[in-house]
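> Provided below are the primary sequence and the corresponding predicted coordinates.
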Amino acid sequence: MKNVALITGASTGIGKELAILHASKGGDLIIIARNEHKLIQLKQELEEKYRIKVVVIAKDLSDLTAANSIYSEVKKQGIEIDYLINNAGFGALGKFYQLDLDRQISMINLNVTSLTALTHLFLQDFLQKNSGKILNTSSTASFMPGPLQAVYFATKAYVTFFSNALTEELKDTNISVTNLMPGATESEFGATSGMDKTDMFKNTVTARSVAKDGYNAMLKGKLDVISGLTFMQKIMMAMIPFTPKKMLLKQIRKMQEVK
């Protein structure tokens, strides 16, 4: 396999579009998600259309053993990764103390712990050859606290700051870490989190446009890329540092209330 991208959360949404985009440029793939059926369908489509090779690994990344298992499988097959794309993630809408605790712990495991573990594992290989690109999917949620999605917003803040810190640590290498921060995006995320019934998801962009922004930024080795914001959302984002925190919290909560 050559020019290989490993993509988590590749069965739907942004992850699937990232896989299609990479395949369209002639790159081979390792695609990872829980839904093996969807992964196999995508593998067949991409191999037939683009004549590339696709390896399917069906794993639940909320399982703390998943990252090591994935890394071991990749090494066992003798595959060298050129692009690590940590895209998998999920959210849950509601008050923290009313939401199921196990689901929120699973969210932390997936959004934070597995992303961190995969980055650490594959970064060792990148350092040995002094090349490689990492793309971590965060969110514009990482700029602020998120009442009614307290844990999700916090996990995305972790992803953003973690990614940015790595960039500085790796400044003397040929390895880049790009942080993708989408706004509300058309994907299964909205339905599974319940966000599709809120004002925050009134104006969504396509997963394809977000994937394109993130992929191109990764190739250029950019630090951050914000994707999918409307003009008014851009104004709101610019005002965050100047907005009193209590007012900001009230605004975010209102935007996330189910209508």
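Structure's in. What do you need?

> the closest residue to Ala211 other than its chain neighbours: which element?
Excluding its sequence neighbours, the residue lying closest to Ala211 (CB to CB, 6 or more residues apart in numbering) is Glu17, at 3.6 Å. C-betas here are computed from N, CA, C, even on glycine. Element membership for Glu17, per DSSP states H and E: helix 13-24.

> thinking the residue nearest to Ala211 is in contact with Arg208, fair?
Yes. The pair Glu17 / Arg208 is scored as a contact, 4.6 Å apart, by CB atoms under 8 Å.

> so what does whichever strand or helix holds Ala117 touch, helix or strand wise?
Take DSSP H and E as the rule and Ala117 turns out to sit in helix 115-129. On a contact count with 3 or more CB pairs under 8 Å, 6 or more residues apart in numbering; DSSP states H and E, helix 115-129 meets strand 5-8, helix 66-76, strand 83-86, strand 132-137, helix 150-169, strand 175-182.

> compare Glu17 and Arg208 (neighbour count), which wins?
Shown here are Glu17 and Arg208; by other CB atoms under 10 Å, Glu17 has more neighbours (24 against 17).

> which ones are touching that one?
Ala207, Arg208, Val210, Ala211, Lys212 (CB atoms under 8 Å, 6 or more residues apart in numbering).

> so how far is stretch 83-94 off the chain centroid?
Offset of stretch 83-94 from its chain centre (CA atoms, centre = their mean, to the nearest Å): 5 Å.

> got it, and stretch 83-103?
12 Å.

> gap between the two ends of it?
Across stretch 83-103, the terminal residues are separated by 29 Å (CA to CA, to the nearest Å).

> average pLDDT for that stretch?
Across stretch 83-103, pLDDT averages out at 95.

> just the pLDDT at the residue of the chain positioned farthest from its centre, thanks.
Distance from the C-alpha centroid of the chain peaks at Pro244, with 29.2 Å (CA atoms, centre = their mean). The confidence metric pLDDT takes the value 88 at Pro244.

> and the one 3 residues further on, by the same measure?
Note on Met247: pLDDT of 87.

> roughly how far apart are it and Phe96?
21 Å (CB to CB, to the nearest Å).

> who's more crowded, these two?
Phe96 (14 against 9).

> which one of the helices and strands packed on helix 115-129 lies closest to Lys38?
strand 5-8 (13.0 Å; CB to CB).

> mind listing the strands the closest one pairs with, and their directions?
The pairing partners recorded for strand 5-8 under DSSP bridges are strand 29-33 (parallel), strand 83-86 (parallel).

> so what's Leu42 up against?
Contacts of Leu42 (CB under 8 Å, 6+ apart): Ala10, Ser11, Lys16, Ala19, Ile31, Val54.

> tell me which element it is part of?
helix 36-50.

> that helix - what's its average pLDDT?
pLDDT averaged over helix 36-50 gives 97.

> ok, the nearest residue to Ala10 once chain neighbours are set aside - how many residues close by?
Among residues not flanking Ala10 along the chain, Ile31 sits closest, at 3.8 Å (CB to CB, 6+ apart). Ile31 has 29 neighbours, counted by other CB under 10 Å.
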